[in-house]
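Q: With the input below, show me the fold.
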Amino acid sequence: TLSDKYRLYARYFRDQGESAQTQNSTGSIYATSIVPQNAVANLTQILAPTVINETKFGFNGAKTRVSGIPGPSPNADINGVTLNLSGSVALGGIAGQSGSAGLAIPTGLIRLSSSFNGRGAPYTNFSTSYIDNLSVLHGSHSLKFGGEVRAITLYNDQLGGTTYSFSNVDAFLANQPSSIAFNGDLSAKSPFTGLSGVAHMRQNYYIFYGQDEWKVTPTLTMSYGLRWEYYQPLHETRDKNVWFSIADGTIYPRYSNEWYHSSTKNFGPRLAFSWAPSALNNKTVFRIGAGYYYGPGQTEDQLQPEANDRIGRTITSGPLLAYPLDISQIYSSYDINDPNLGYQPRAYGTGYRIPERILQYTASVQQQLPGNAVLTVAYVGSQGRNLFLRSITNKIVSVGMDPLGQSDRQPRIRQPLFGNRLQNQRRRRSL
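A: As a prediction, this is how the structure comes out:
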């Protein structure tokens, strides 16, 4: 307590957790280390008997490290590697019969995102919030106004790996993979932007609101208010990104414009009533309310251009199609202008924007029962708008045929330089 009118409160919290989850019978491990921290400083100011102001500063962070640890593999180093073996084998004791190989997959990789697997992902994120709330009592009204500015920082890296696929056991024993998929490190030097190092992304949230709880009568209360929110588009501080236009198939390394559109018209009205009729001895309460709520969605959906700034190759023929893969050769021969590159960037659909919008509404009846029990019957509904949707673009558009009905060429796609790509879109409605 600083004085009769000023009180200061501060708190700091830190924890640390480790986990090791077995992925399959080969003993592969998904290892996780998380160090969450949060701190708050709160200054309460009594400006008048009916006016109180509360100022806060908050910090939230979570240093996170995830990695794949392969199981025992004598005479083979499969760190950062997955061996995928399919095909068929003979069934012991049944002459002439065969069945699926059914082999567990030895791996040193883990799922890093919905895009690819890799050997690890060190990332550190934190946010700082500046919050101010003003509360005023005026007659039968309880007014509250406030705002928040939240600064978000994310240091992100994704460490890639290699997946070898074999069509059958014999091909595995002969070291004849059918394909090799290689994903480079996000922090490695990029042939697109020429940049390297851990990505540094930033974003700000701006939130303001006003609300009133009005005691209309001794048994009827009305709550109403308006909230406004704006979510600044995420960006990388050095423009370490590759933005892709699905409209014309053009890639834009070090794109300095906004990656997507963020609306500034995010007004969320709220309205609710609570009624406890005296005729029912104040033991029954009727409530009804509705309001609009906004949110930017998950961060992974917002950082796609930054995640595009890395090498990725799938090899199906040639001298590189063998274990172990010559990774140095992959980097040295990676030509971003190669028409057969098969680069698979992620893109935003035309008109993609945030935030998501949810309308929530509820009605309930609460009845006090004998023995201090309470019975509540309620209806809760919600409607979603502008929700996230993921699909594939650059699909096959035609296949040429010769007069005998045989295919005479490879299937044609819209943009041959690129393989199939995932695009993020927004669905207009969801109930």
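Q: leaving aside the residues next to it on the chain, what's closest to Lys63?
A: Val35 (4.3 Å; Cβ to Cβ, 6 or more residues apart in numbering). Backbone N, C-alpha and C define where each C-beta goes, glycine included.
Q: scratch that, Arg357
A: Arg385 (4.4 Å).
Q: Just list the residues touching the nearest residue to Asn241 once chain neighbours are set aside, thanks.
A: Leaving aside its chain neighbours, Asn241 sits nearest to Pro305 (3.9 Å; criterion: Cβ to Cβ, 6+ apart). Listed by Cβ atoms under 8 Å, 6 or more residues apart in numbering, the contact partners of Pro305 are Glu236, Asn241, Val242, Trp243, Phe244, Tyr255, Trp259, Arg346.
Q: tell me the contacts of the third one?
A: By that I understand Val242. For Val242, counting by Cβ under 8 Å, 6+ apart, the contacting residues are Ser190, Phe192, Thr193, Ile251, Tyr252, Pro253, Tyr255, Pro305, Asn308, Asp309, Pro345.
Q: Let me have the residues you listed in TSV, extended by distance to Thr82.
A: Formatted as TSV, these follow (distance: Cβ to Cβ, whole Å):
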residue	distance to Thr82
Ser190	24
Phe192	26
Thr193	28
Ile251	28
Tyr252	32
Pro253	29
Tyr255	32
Pro305	27
Asn308	22
Asp309	23
Pro345	23
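Q: So which of those residues belong to helices?
A: Pro305 (DSSP state H).
Q: Using neighbour counts, trim the contacts of Val242 to the buried set.
A: Ser190, Phe192, Thr193, Ile251, Pro253, Tyr255, Pro305, Asn308, Asp309, Pro345 (16 or more other Cβ atoms under 10 Å).
Q: ok, so of the residues you listed, who is nearest Tyr123?
A: Asp309 (15.2 Å; Cβ to Cβ).
Q: which ones are touching that closest one?
A: Leu186, Ser190, Phe192, Thr193, Leu195, Ala199, Lys240, Asn241, Val242, Pro253.
Q: 7 Å instead?
A: By Cβ atoms under 7 Å, 6 or more residues apart in numbering, Asp309 lies in contact with Leu186, Ser190, Phe192, Thr193, Lys240, Asn241, Val242.
Q: Pretty sure the fifth one sits against His200.
A: No. Counting by Cβ atoms under 7 Å, Lys240 stays clear of His200, with 8.1 Å between them.
Q: what about those two, which has more around it?
A: Lys240 (24 against 15; other Cβ atoms under 10 Å).
Q: Skipping adjacent residues, who's closest to that one in space?
A: In this structure, Lys240 finds its nearest non-sequential neighbour in Leu195, 4.6 Å apart by Cβ to Cβ, 6+ apart.
Q: Quickly find the element holding the one you found.
A: For Leu195, there is no host helix or strand (DSSP states H and E).
Q: So it sits against Arg238, correct?
A: Yes. With contact defined as Cβ under 7 Å, Leu195 reaches Arg238; the gap is 6.1 Å.
Q: higher neighbour count, the two?
A: Leu195 (18 against 12).
Q: neighbours around Arg390, how many?
A: Quick note: Arg390 (other Cβ under 10 Å) scores 12 neighbours.
Q: again but with Gly197, I slipped
A: 13.
Q: Now do the contacts for it.
A: Contacts for Gly197 were tallied using Cβ under 7 Å, 6+ apart; they are Ser187.
Q: Backbone torsions only: list them for it.
A: Per-residue torsions, Gly197: phi 100, psi 170 (degrees, to the nearest 10).
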